[in-house]
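Colleague: what's the 3D shape of this:
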Amino acid sequence: MHRLKIASVLLSIILGLAPAATAVAGVAVGDRAPGFSLTDAKGGTVSLADYEGKVVVLEWTNPDCPFVKRHNQEGSMKNLTSAYSDAGVVFLTVNSTNYMDRAANADFAAAQSIGWPLLVDQDGTVGHAYGAATTPHMFVIDRTGKIVYAGAIDDDPRGSKPAAERTNYVAKALDEVLAGKPVSTPETTPYGCSVKYK
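Modeller: The predicted structure is shown next:
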């Protein structure tokens, strides 16, 4: 067992993964999503309470993270927003990177043509409340305000699978929530770079 644990840690280091255990306690699936109000990259204020009664997807990001860069290049979030925005799903991206202020986030949003709110959590308060461990780290909140999915965006940490062979956990959770079904895979281990908290 000890050797398996060492092997798992070594594999995480080799792949550049940050295990969820590196995060603060945060929330669990089934918990009510912690409320928050954050400034977005444009200077406005966005509150979770603004979207009461809606399905909300939260994504943690850091533009310097290679995993985030890959998903941006592949259009992972843009594909999700295109597929589900018409169904009323709200997408919010949160950046808890300690060295990125609003201006840096605005530059990132412009460079990536992010068309949904990019929220500045420079002091890490919201990231810690959710226990966000990696970039990316995904949370799906249902219409009642409960967290119904937490974890990875998909099952392809290395980015080596053809898109058609990947399981997009967020899309799967959204399909089930919108159909009024329980989420069949409510939790996975997030992968990516560790959140750069203060």
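
Colleague: ok, so what distance separates the residue nearest to Phe36 when sequence neighbours are not counted from Phe139?
Modeller: Leaving aside its sequence neighbours, Phe36 sits nearest to Val126 (C-beta to C-beta, 6 or more residues apart in numbering; 4.7 Å). From N, CA and C alone the C-beta is placed, and that goes for glycine too. Distance of Val126 to Phe139, computed by C-beta to C-beta, to the nearest Å: 11 Å.

Colleague: Looking at these two, which has the bigger crowd around it?
Modeller: Phe139 (26 against 21; other C-beta atoms under 10 Å).

Colleague: so which strand or helix has that one?
Modeller: Element membership of Phe139 [criterion: DSSP states H and E] is strand 137-141.

Colleague: Name the surrounding residues that touch that strand.
Modeller: For strand 137-141, contacts defined as C-beta atoms under 8 Å, 6 or more residues apart in numbering pick out 27, 33, 48, 55-60, 130, 147-153, 169-170, 173-174, 177, 183, 190, 192, 195.

Colleague: what are the pairing partners of it, and which direction each?
Modeller: Strands that pair with strand 137-141, judged by DSSP bridges, come out as strand 56-60 (antiparallel), strand 147-151 (antiparallel).

Colleague: Adding mean pLDDT, distance to Val94 and mean neighbour count, write those out as a markdown table.
Modeller: What follows is those, written out as a markdown table (pLDDT from 0 to 100; distance: least, C-beta to C-beta, whole Å; neighbours: other C-beta atoms under 10 Å):
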| stretch | mean pLDDT | distance to Val94 | mean neighbour count |
| --- | --- | --- | --- |
| strand 56-60 | 98 | 5 | 24 |
| strand 147-151 | 98 | 14 | 25 |
